[in-house]
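Colleague: Structure for the following, please:
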Amino acid sequence: MNATEQTRFDTLYKRHLRALTRQGMSDKTIDGYALIVTVFITIPRICAAHGR
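Modeller: Predicted structure coming up:
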């Protein structure tokens, strides 16, 4: 991700976490969602680095 994309992602990610908190989700549920988002962001970069 370039700097602009990273800034946008960070803003949207924080907004999403706040929304989950407002909805009354437990900390473990929020952690689970955070893990999924991190995996979805990381996998394409790993694949690109390995030429896949």
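
Colleague: switch to C-alpha atoms for all contacts and neighbour counts from now on
Modeller: OK.

Colleague: Please spell out which residues along the worst-scoring helix or strand of the chain on mean pLDDT are buried.
Modeller: Lowest mean confidence among the helices and strands of the chain (mean pLDDT, DSSP states H and E): helix 27-49, at a mean of 83. Buried positions in helix 27-49, judged by neighbour count with 16 or more other CA atoms under 10 Å: residue 30.

Colleague: now do stretch 14-21
Modeller: For stretch 14-21, by 16+ other CA under 10 Å, it's 17, 20.

Colleague: before we move on, back to that, tell me which residues are up against the least confident helix or strand of the chain.
Modeller: For helix 27-49, contacts defined as CA atoms under 8 Å, 6 or more residues apart in numbering pick out 17, 20, 21.

Colleague: Show me the residues you listed that map onto helices.
Modeller: Among these, the residues falling in helices (DSSP state H) are 17, 20, 21.

Colleague: Quick one: those residues as a markdown table, columns for distance to residue 10 too.
Modeller: Below are the ones in helices among the contacts of helix 27-49 laid out as a markdown table (distance: CA to CA, whole Å):
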| residue | distance to residue 10 |
| --- | --- |
| 17 | 11 |
| 20 | 15 |
| 21 | 17 |
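
Colleague: Reformat these as TSV; add pLDDT and distance to residue 44.
Modeller: Output for those, formatted as TSV (pLDDT from 0 to 100; distance: CA to CA, whole Å):
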residue	pLDDT	distance to residue 44
17	90	22
20	92	25
21	94	28
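
Colleague: Nearest to residue 8 among those residues?
Modeller: Checking the ones in helices among the contacts of helix 27-49 against residue 8 by CA to CA gives residue 17 as the nearest, at 14.3 Å.
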